[in-house]
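Chemist: what's the 3D shape of this:
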Amino acid sequence: MWGIDLNYLGRGLHEGWPQGDIGILLWSLSASANDWQSSDRLTRMCTIPIDGVVETQWDSGTSMMEARVLRPLWWFGLLEYRREEITGRRFETSHFYRKTPLFDRFLSFDIKLETAAGSRH
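Modeler: Okay, here's the model as predicted:
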């Protein structure tokens, strides 16, 4: 089976993270991106953190989330994008995303939780 490897878009940083958890990530986006959310907030809410991402000195996790997930979804019309300048910082902007109606038409999730039938321990 052929798949799309978006590792190139992140220049190999974090070995393809967060693409390996794309199912959980897309489901999390479906639940949390109804309104405008910053890319760093979506990264914290929708990804499974790994040590290499958490321990970096700069926010490389948000950069990888944008490069490998958020921007491609925007290119395909599943997310909307806007940016806002940060007061006092000449070259920096905050990036915001939210779902488009196409997101929910294209992706749907049928989540069934296991019922507790007794002690699981």
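
Chemist: ok but Gly23 is inside a helix, no?
Modeler: Yes - assessed with DSSP: H, G, I helix; E, B strand; the rest coil, Gly23 lies in a helix.

Chemist: least trustworthy helix or strand in this protein by mean pLDDT?
Modeler: The weakest-scoring helix or strand in the chain, judged by mean pLDDT, DSSP states H and E, is helix 51-54 (a mean of 57).

Chemist: give me every residue that touches Leu26.
Modeler: Applying CB atoms under 8 Å, 6 or more residues apart in numbering, we find Leu26 in contact with 107, 109. (Each C-beta comes from the backbone N, C-alpha and C, glycine too.)

Chemist: Could you rerun that using 6 Å?
Modeler: Leu107 (CB atoms under 6 Å, 6 or more residues apart in numbering).

Chemist: Pull stretch 36-54 out as CSV, backbone CA atoms only.
Modeler: Taking C-alpha atoms only, stretch 36-54 is exported to CSV below (Å, rounded to 0.1, in the frame of the first residue of the first chain):
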residue,chain,number,x,y,z
TRP,A,36,-10.0,29.4,15.6
GLN,A,37,-7.1,27.8,17.6
SER,A,38,-3.4,28.7,17.5
SER,A,39,-1.1,26.1,16.0
ASP,A,40,0.7,25.7,19.3
ARG,A,41,-2.6,25.0,21.2
LEU,A,42,-3.7,22.5,18.5
THR,A,43,-0.3,20.8,18.9
ARG,A,44,-0.7,20.5,22.7
MET,A,45,-4.4,19.3,22.4
CYS,A,46,-4.1,16.9,19.5
THR,A,47,-0.7,15.2,19.5
ILE,A,48,0.9,12.5,21.6
PRO,A,49,4.1,14.1,22.8
ILE,A,50,7.4,12.3,22.6
ASP,A,51,10.6,13.0,24.6
GLY,A,52,12.4,14.5,21.6
VAL,A,53,9.7,17.1,21.1
VAL,A,54,9.1,17.9,24.8
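
Chemist: Buried residues of stretch 79-92, list them for me.
Modeler: Neighbour counts over stretch 79-92 (16 or more other CB atoms under 10 Å) mark 79, 81 as buried.
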